[in-house]
Structure formats: C-alpha cells, structure tokens
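Asks: here's a sequence, model it:
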Amino acid sequence: MSPAVAALIRWQDSGGVWRVLGRRGTHVTVGLFECTGGDEVDRIVSADPALRAFVGQRGSSED
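Replies: Residues are numbered from 1 along each chain as shown. Here you go, the predicted structure:
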C-alpha cells in the first residue's frame, strides 16, 4: 500500500474527513479535514497512481 493511501485510510479510520480539492493531469490534491468536516488540517498532493485509484471519482470520504 502506498504511503498516501495509507495516510488517507488512517485519517478516515480516525474519524477525519478527506475531500478531493482538485484533479489536474496525473496529480490529485486531497484535503484532510477535522472529523466535523470543518477546518482543513493538512493536504496531500500526489501523482501516485494508487492514490488516484483509491480516490477514484469520489469527491470525499463521505461519498
């Protein structure tokens, strides 16, 4: 499992919310938000194919 996918899984398993902020070419930008969905805490910008496959066409961890 790629580090980016592992980070997203850990985040959502801990109750956090992730949202896709952008897709451009091979890159995806994912924001990591508090469990309330409020403030953005961190961000992942990656061209990792495993991350793109994990996220797929979803807009967030709530989809």
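Asks: ranges for the strands of the chain?
Replies: For the chain, the strands defined by DSSP state E cover 17-24, 27-33, 40-46.
Asks: I'd like these as CSV, with mean pLDDT and mean neighbour count appended.
Replies: To be clear about C-beta, it is placed using only N, CA and C from the backbone, and glycine gets the same treatment. Shown next, in CSV, are these (pLDDT from 0 to 100; neighbours: other Cβ atoms under 10 Å):
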stretch, mean pLDDT, mean neighbour count
strand 17-24, 97, 16
strand 27-33, 97, 18
strand 40-46, 96, 15
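Asks: which among those strands is found nearest to Ala7?
Replies: strand 40-46 (6.4 Å; Cβ to Cβ).
Asks: quick one, that closest one and strand 27-33 angle?
Replies: Strand 40-46 runs at 160 degrees relative to strand 27-33, counting by axes from the mean of the first three to the mean of the last three Cα atoms, to 10 degrees.
Asks: quick one: strand 40-46 to chain centroid distance?
Replies: 7 Å (Cα atoms, centre = their mean, to the nearest Å).
Asks: only alpha carbons, please: show the longest helix anywhere in the chain as PDB.
Replies: If you go by DSSP state H, the chain has its longest helix at helix 3-13. Output of helix 3-13 as PDB, limited to C-alpha atoms (Å, rounded to 0.1, in the frame of the first residue of the first chain):
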ATOM      1  CA  PRO A   3       2.100   5.900   1.900                       C
ATOM      2  CA  ALA A   4      -0.500   8.400   0.500                       C
ATOM      3  CA  VAL A   5      -3.300   5.700   0.500                       C
ATOM      4  CA  ALA A   6      -2.200   4.600   4.000                       C
ATOM      5  CA  ALA A   7      -2.400   8.200   5.200                       C
ATOM      6  CA  LEU A   8      -6.000   8.600   3.900                       C
ATOM      7  CA  ILE A   9      -7.100   5.300   5.400                       C
ATOM      8  CA  ARG A  10      -5.600   6.200   8.800                       C
ATOM      9  CA  TRP A  11      -7.300   9.600   8.600                       C
ATOM     10  CA  GLN A  12     -10.800   8.300   7.800                       C
ATOM     11  CA  ASP A  13     -10.400   5.400  10.300                       C
END
